[in-house]
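In: Give me the fold of what follows.
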Amino acid sequence: MSKRIGRRTAVLQTPPSVLSFANIGGRMEGQGPLARYFDELCSDSFFGEKTWEKAESAMQRKVLQRALDQAGLKPGDLDCVLAGDLLNQCIGSSFGLRDFGIPFFGLYGACSTMGESLMLAALLIDGGFARLAAAQASSHFCTAERQYRMPVPYGSQRTPTAQWTATAAGCTILSAQGPGPYLTHVTCGKIVDKGITDANNMGAAMAPAAYDTLRAFFTDTKTGPADYDAIFTGDLGELGHEIVTDFFRQDGVDMTKNYFDCGMLLYDREEQDMHAGGSGCGCSAAVFNGYLLTGLKQGRWRRILFAPTGALLSPTSSFQGESIPGICHLVCVSTER
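Out: A predicted model of the protein is given here:
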């Protein structure tokens, strides 16, 4: 079973293996620099459905089925699925997966949900409570805009710090046995709130949580950035990435050589007019289950840190003038046990 090596980090004694993975994207993702790493792209982002919300449920359904097919599994082979999205009551996940008949854990970690689902699935397997588990997350630009900001037809002006919620989903199937890559360490995030109230500046709201979790991991493992081939936060965009880099600079730690953000990788920010970059549960989920895991499989990296971030706000909290708490969950993924 997992062994704690610090206040928040655990070493997985029997590291779960990535058995298969899949991702799905929409129109804008298909126009971005990572398009070739997607298993399926939809030109109109409806995925054959009549509403945006049903489209997001379709993504959850399709991405799980693709991951199952790639592993040669049937739904009944899975011990559980851990999934989440940005919609109220996580209806994207629950409605999308209701017909599979798989024991279900509905999660909400905002844009950090892919990291949360991977971490919890890995702990279940390492602890002997599951043999095969699926971890997945999704988001949809139009469902998120309708819920958190303004309906898309309203045509509201986007601020320079705004990010584009990815229309995407990703799924990882973890197994107690397999050839890897392996999840070797997990670090649970803490809620960090620095008083940011601008719902169009998610990078600034979430960056302190990313710094807090990464710092905790480095402290617990007695390692530093140079010990990893690459470090990826999830959804901070350009501004949040700069803030995290600056926080570590003040500690005397150089993050400039191998630190990247999924929100800056998914789109061409200039050509696609993405302002600060991408965000949403599906942003880090799609990048992880495409570009990152493929890179590990192909030998581009040997050991990486994946640390998606989430803003734990709701429309109600924003309307009432509340600040935006952030959280970041981390997993270490390695080609070796």
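In: which residues does P16 contact?
Out: Listed by C-beta atoms under 8 Å, 6 or more residues apart in numbering, the contact set of P16 reads 121-122, 125-126, 133, 174-176, 182-183. Where C-beta positions appear, they are placed from N, C-alpha and C, glycine not excepted.
In: actually G76, sorry about that
Out: 101-102.
In: Let me know the pLDDT of T143.
Out: The model reports T143 with a pLDDT of 84.
In: close enough to count as contact, it and W52?
Out: Yes. Taking C-beta atoms under 8 Å as the definition, T143 is a contact partner of W52 at 4.7 Å.
In: Taking the contacts of P16, tell me the two that lie furthest apart.
Out: Using C-beta to C-beta, the two most remote members of those are A133 and Y182, lying 14.3 Å apart.
In: coming back round to it: when T143 and W52 are compared, which one has more neighbours?
Out: Using other C-beta atoms under 10 Å, the more surrounded residue of T143 and W52 is T143, with 27 against 21.
In: For P225, grab the count of nearby residues.
Out: 18.
In: which non-adjacent residue is nearest it?
Out: Sequence neighbours aside, M255 is the residue nearest to P225 in space, at 5.5 Å (criterion: C-beta to C-beta, 6 or more residues apart in numbering).
In: Give me the distance between the residue lying closest to R303 once chain neighbours are set aside and V11.
Out: Closest residue to R303 apart from its sequence neighbours, by C-beta to C-beta, 6+ apart: S334 at 4.3 Å. According to C-beta to C-beta, to the nearest Å, S334 stands 12 Å off from V11.
In: and if you look at D273?
Out: D273 is 43 Å from V11, where distance means C-beta to C-beta.
In: and what of R4?
Out: The gap separating R4 from V11 is 8 Å, by C-beta to C-beta.
In: before we move on, what about V331?
Out: Distance, V331 to V11, by C-beta to C-beta: 12 Å.
In: Please apply the same query to N23.
Out: For N23 relative to V11 (C-beta to C-beta), the value is 28 Å.
In: Walking through the stretch 151-300 of the chain, point out its strands one by one.
Out: Assigned by DSSP state E, counting those that start in this stretch, the strands in the stretch 151-300 of the chain fall at 164-165, 168-175, 182-187, 230-233, 259-261, 278-279.
In: A216 is nearest to which of those?
Out: Nearest to A216 among the strands of the stretch 151-300 of the chain is strand 182-187 (5.9 Å), distances taken as C-beta to C-beta.
In: Could you name the helices and strands sitting against that closest one?
Out: Packed against strand 182-187, as judged by 3 or more C-beta pairs under 8 Å, 6 or more residues apart in numbering; DSSP states H and E, are the following elements: strand 9-11, strand 17-25, helix 113-126, helix 202-221, strand 330-334.
In: Can I get that strand in CSV, CA atoms only?
Out: Extracted C-alpha coordinates of strand 182-187, given in CSV (Å, rounded to 0.1, in the frame of the first residue of the first chain):
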residue,chain,number,x,y,z
TYR,A,182,3.3,4.2,-14.0
LEU,A,183,1.9,6.6,-11.5
THR,A,184,4.6,6.5,-8.8
HIS,A,185,3.7,9.5,-6.5
VAL,A,186,0.6,11.6,-5.6
THR,A,187,0.3,14.8,-3.8
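In: Pull the residues that contact it.
Out: 2, 8-12, 15-18, 118-119, 122-123, 174, 213, 216-217, 220-221, 329-337.
In: Now the buried members of these.
Out: Those of the contacts of strand 182-187 that meet the buried threshold are 2, 8-12, 15-18, 118-119, 122-123, 174, 213, 216-217, 220-221, 329-335, by 16 or more other C-beta atoms under 10 Å.
In: Present the helices and strands packed on strand 182-187 as JSON lines; the columns should include mean pLDDT and distance to S314.
Out: What follows is those, written out as JSON lines (pLDDT from 0 to 100; distance: least, C-beta to C-beta, whole Å):
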{"stretch": "strand 9-11", "mean pLDDT": "97", "distance to S314": "29"}
{"stretch": "strand 17-25", "mean pLDDT": "98", "distance to S314": "26"}
{"stretch": "helix 113-126", "mean pLDDT": "98", "distance to S314": "15"}
{"stretch": "helix 202-221", "mean pLDDT": "94", "distance to S314": "13"}
{"stretch": "strand 330-334", "mean pLDDT": "98", "distance to S314": "24"}
